[in-house]
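*Asks:* pasting the structure only:
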């Protein structure tokens, strides 16, 4: 229940070894990297390098990294693989079979593995695309033909009319009504073949001698033309519809076979895919870290913070390169910027770290208030909303969210306040607001109002004093003596509260 102590760590090494060293640093997961700014003391660096027998040129010129992402093509290949992989139902046992620390560190090996998997899938993807495009095209034709499925006439006949032009159109009902109301003044034959709630589908036979006049009529309304005559089929609408539906059934069978083939390839390469994704994630992190580093012609510099209790374990990851790197440790107080804050709390109150962060993460020299907030929140929530039934509902929601692996911190809070509410519900004898179902083990607040208020004050004032004392401790640690003694939550005010509370009791 505290803020983890950190050590400021600077690492310098030969640039030829930076990739391997960075991978070890990231693999350890102990170091929080911070930007190395160009205000480093070059003379101090030169001295350190000479002490450790590093060969350097005269003078040191510091520059930022400006490396390009060489994994763009591989990422594109993996992205296409993952589009399918993400939709597969991968068993938990299969996921556990891939070790968490499996990585590929060699660029050529990453490229080769990605290409092998993608080449196996490429022919499947190509065939799938052909069939899916064909399905989309046929489905559109099918939707258009269903408008005229009751016309007992050959499509080729409509295409080859000598004296008439055939047109099929979809329009809003008000436009359809407008056409039929003025039917006698329009030089064409028009029929309604399909009716929906908001629109109608019409077919018209336009005498070619009145084509210009008819176009003026159609242009006066808002319509969408259904291109029946463009379909590459012959026969009556119902016959064509049956042919299309049969072809769609055959295509679906082939698509299903290809999807099965694709899944087999992905399952066979599951370990490789997971390892490739992890390796690319590692490369992304390295690329990000490089943006926070500085380089000379032949050296690199990286700076960050490592938890004090993990510093020895961190060094073990770099033992292999101990002759190639210089590791400098400093206490955070000697660093201009405060180190990042890492909270360490008991699993019971750890979810309440989320609520602390809402108000602002405590700085490195402050006391972590998570334990105080967590315990008091559970206590007072249960005391104010003590109900066995409603508390169980809150606990159940938290348990379901945990089982679904969603919103872990809110789920943890719901389970804890639910249990607290259930406990006080038993103490109060309350279940879903009913206080005559079970006997209270302590007392019913509604029947003992004065006692309840006295208990609330008796618990609340000491907790208020305790919270103020935490503030006093923080002020003294930051050497803000004036605020700690005379501030709004300082020692003087706490003394006044104690005297007032004591006189009230007496």
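*Replies:* In hand now; what should we look at? All values derive from a computational prediction rather than experimental measurement.

*Asks:* Can you pull out the low-pLDDT segments for the stretch 351-500 of the chain?
*Replies:* 363-365, 477-500 (pLDDT under 70).

*Asks:* Surely residue 439 is in a strand?
*Replies:* No: counting by DSSP: H, G, I helix; E, B strand; the rest coil, one finds residue 439 to be coil, located in no strand.

*Asks:* Look at the residue nearest to it when sequence neighbours are not counted and say how many residues are nearby.
*Replies:* In space, and not counting its chain neighbours, residue 439 is closest to residue 429: 5.5 Å by Cβ to Cβ, 6 or more residues apart in numbering. For glycine as for every other residue, the C-beta is placed from the backbone atoms N, C-alpha and C. Neighbourhood size, residue 429 [other Cβ atoms under 10 Å]: 21.

*Asks:* Could you double-check that residue 429 sits in contact with residue 445?
*Replies:* No: here residue 429 does not reach residue 445: they are 10.0 Å apart, not a contact under Cβ atoms under 8 Å.

*Asks:* Give the closest residue to residue 153 in space, chain neighbours not counted.
*Replies:* Nearest residue to residue 153 in three dimensions, chain neighbours excluded: residue 236, at 6.5 Å (Cβ to Cβ, 6+ apart).

*Asks:* Please apply the same query to residue 210.
*Replies:* Excluding the flanking residues, the one nearest residue 210 by Cβ to Cβ, 6+ apart is residue 187, at 3.7 Å.

*Asks:* how close does that neighbour sit to residue 158?
*Replies:* Distance check for residue 187 against residue 158: by Cβ to Cβ, to the nearest Å, it reads 19 Å.

*Asks:* do residue 275 as well
*Replies:* For residue 275, the distance to residue 158 - Cβ to Cβ - is 60 Å.

*Asks:* could you point out the longest helix in this protein?
*Replies:* In the chain, with assignment by DSSP state H, the single longest helix is helix 107-145.

*Asks:* Packing partners of that helix?
*Replies:* Here helix 107-145 touches helix 72-85, helix 237-268, helix 270-290, going by 3 or more Cβ pairs under 8 Å, 6 or more residues apart in numbering; DSSP states H and E.

*Asks:* So which of these is the most surrounded?
*Replies:* helix 270-290 (a mean of 17; mean count of other Cβ atoms under 10 Å).

*Asks:* average pLDDT for it?
*Replies:* In this model, helix 270-290 has an average pLDDT of 76.

*Asks:* so how far is the next helix or strand after it off the chain centroid?
*Replies:* For helix 270-290, the following helix or strand on the C-terminal side (DSSP states H and E) is strand 294-295. In this view, strand 294-295 has its centroid 32 Å away from the chain centroid, taken as Cα atoms, centre = their mean, to the nearest Å.

*Asks:* and strand 294-295, average pLDDT?
*Replies:* Per-residue pLDDT over strand 294-295 has a mean of 76.

*Asks:* Give the rounded mean pLDDT of the helix or strand just after it.
*Replies:* Using DSSP H and E, the helix or strand that directly follows strand 294-295 along the chain is strand 299-307. Here strand 299-307 scores 83 as its mean pLDDT.

*Asks:* Could you tell me the angle between strand 299-307 and helix 270-290?
*Replies:* Using axes from the mean of the first three to the mean of the last three Cα atoms, to 10 degrees, the direction of strand 299-307 lies 100 degrees away from that of helix 270-290.

*Asks:* Show me what strand 299-307 pairs with in its sheet, parallel or antiparallel.
*Replies:* Strand 299-307 sits in its sheet next to strand 6-14 (antiparallel), strand 32-34 (antiparallel), strand 294-295 (antiparallel), going by DSSP bridges.

*Asks:* Buried residues in the first one, which are they?
*Replies:* I take that to be strand 6-14. Using 16 or more other Cβ atoms under 10 Å as the test for burial, strand 6-14 gives 6-13.

*Asks:* Let me know the closest of these to residue 399.
*Replies:* Nearest to residue 399 among those: residue 6, at 35.4 Å, using Cβ to Cβ.

*Asks:* Give me the distance between the residue nearest to residue 439 and residue 442.
*Replies:* If you measure residue 429 against residue 442 using Cβ to Cβ, the figure is 8 Å.

*Asks:* Residue 282 too?
*Replies:* On the measure of Cβ to Cβ, residue 282 and residue 442 end up 56 Å apart.

*Asks:* quick one: low-confidence ranges for the stretch 201-350 of the chain?
*Replies:* Ranges of the stretch 201-350 of the chain meeting pLDDT under 70: 332-339.

*Asks:* Check the secondary structure at the residue lying farthest from the centre of the chain for me.
*Replies:* Using Cα atoms, centre = their mean, the residue of the chain lying farthest from its centre is residue 209. It sits 64.2 Å away. Judged by three-state DSSP, the three-state class of residue 209 is helix.

*Asks:* What separation do you get for it and residue 134?
*Replies:* Taking Cβ to Cβ, one finds residue 209 at 41 Å from residue 134.

*Asks:* Which parts of the stretch 351-500 of the chain are strands?
*Replies:* Per DSSP state E, counting those that start in this stretch, the stretch 351-500 of the chain carries no strands over any range.

*Asks:* Helices along that one, start to end?
*Replies:* For the stretch 351-500 of the chain, applying DSSP state H, counting those that start in this stretch gives helices covering 353-359, 370-384, 388-403, 408-428, 449-477, 481-486, 491-505.

*Asks:* for those, which one sits closest to residue 111?
*Replies:* For residue 111, the closest of the helices of the stretch 351-500 of the chain is helix 408-428, at 36.0 Å, according to Cβ to Cβ.

*Asks:* tell me which residues of the closest one are tucked away?
*Replies:* Neighbour-count burial for helix 408-428 flags 411-428 (criterion: 16+ other Cβ under 10 Å).

*Asks:* count of neighbours near residue 193?
*Replies:* For residue 193, using other Cβ under 10 Å, the count is 15.

*Asks:* give me the element residue 323 is part of.
*Replies:* With DSSP H and E as the test, residue 323 turns up in no helix or strand.

*Asks:* hang on, the earlier thing: can you put the helices and strands packed on helix 107-145 in JSON lines and add distance to residue 388?
*Replies:* Below are these laid out as JSON lines (distance: least, Cβ to Cβ, whole Å):
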{"stretch": "helix 72-85", "distance to residue 388": "46"}
{"stretch": "helix 237-268", "distance to residue 388": "48"}
{"stretch": "helix 270-290", "distance to residue 388": "45"}
